[in-house]
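>>> can you look at this prediction? I've put the sequence above it.
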Amino acid sequence: DAKTTQPPSMDCAEGRAANLPCNHSTISGNEYVYWYRQIHSQGPQYIIHGLKNNETNEMASLIITEDRKSSTLILPHATLRDTAVYYCIVRAASNTGKLIFGQGTTLQVKP
Amino acid sequence: GAVVSQHPSRVICKSGTSVKIECRSLDFQATTMFWYRQFPKQSLMLMATSNEGSKATYEQGVEKDKFLINHASLTLSTLTVTSAHPEDSSFYICSAELGGYTEAFFGQGTRLTVV
């Protein structure tokens, strides 16, 4: 699975959109981009995933660049409960559950 | 979504003893489960892949005789930390994959403290 690069930390004001970037320049054609988050002392929570098209669900939007070398997770209206470590993971469809976690981005939502 | 439950959520054991952590898939059958370990301020590290009815596959550097994994049924995988030492103190997390879903489902984690 391709390696990802994320900024170690970001701040966001409550109520504003949080935009979390991820670089995955070595991604290959059959690899998906997944986002999970981990709130302190809990197990990771799935957020969203995509292959090449932009995706949106009730939690977030995922924007993938046309060359697929980077993506952005967007939390449209961040709340204090969105404070967590966000992990961007690239994996092939065949590796459904085996996830290799990088260091992630610690998002601090501030009032 | 599917639910994965771990038990216990916290455990304290004495050095030299063994402790068992359970990972259950509550509303689905999981042929494959995964065990991760997370030290403070670090990311999750995959320890092993647990396959129902067969031996677990361990990642490089993980001692299979120390971290015993049993996946005897489609809804339960157990991780036993044998002869635990303080350096085994960590947050242990399991996950399960469900056929037809592309995302993994995680348990809430088990905080192990060895004293």
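Thanks, I have the structure now.
>>> now do the residue in chain B that chain A sits nearest to: how many residues are near it, please.
Residue nearest to chain A within chain B: B:Glu97 (3.2 Å; CB to the nearest CB). (Each C-beta comes from the backbone N, C-alpha and C, glycine too.) Under the neighbour criterion other CB atoms under 10 Å in any protein chain shown, B:Glu97 is assigned a count of 24.
>>> test my guess that it contacts B:Ser77.
No: counting by CB atoms under 8 Å, B:Glu97 stays clear of B:Ser77, with 11.8 Å between them.
>>> okay, and the common contacts of the two?
B:30, B:33 (CB atoms under 8 Å, 6 or more residues apart in numbering or on different chains).
>>> quick one: low-confidence ranges for chain B?
B:1-2, B:99-101 (pLDDT under 70).
>>> what's across from the spatially most central residue of it in the sheet?
Taking CA atoms, centre = their mean, the centroid of chain B lies closest to B:Trp35, which sits 3.8 Å from it. Judged by DSSP bridges, the bridge partners of B:Trp35 are B:Ala48, B:Cys94.
>>> so what's it up against?
B:23, B:46-48, B:50, B:67, B:69, B:77, B:79, B:92-94.
>>> change it to 7 Å
B:47-48, B:50, B:69, B:79, B:92, B:94 (CB atoms under 7 Å, 6 or more residues apart in numbering or on different chains).
>>> before we move on, the earlier item: next one: the residue of chain B closest to chain A from A:Tyr86, what distance?
When CB to CB, to the nearest Å is the yardstick, B:Glu97 and A:Tyr86 sit 21 Å from each other.
>>> how about B:Gly114: which residues does it bridge to?
For the record, residue B:114 is Val, not Gly. B:Val114 forms beta bridges with B:Cys13, as assigned by DSSP bridges.
>>> I'd say it and B:Ser90 touch.
No: if you go by CB atoms under 7 Å, B:Val114 and B:Ser90 don't touch, sitting 9.2 Å apart.
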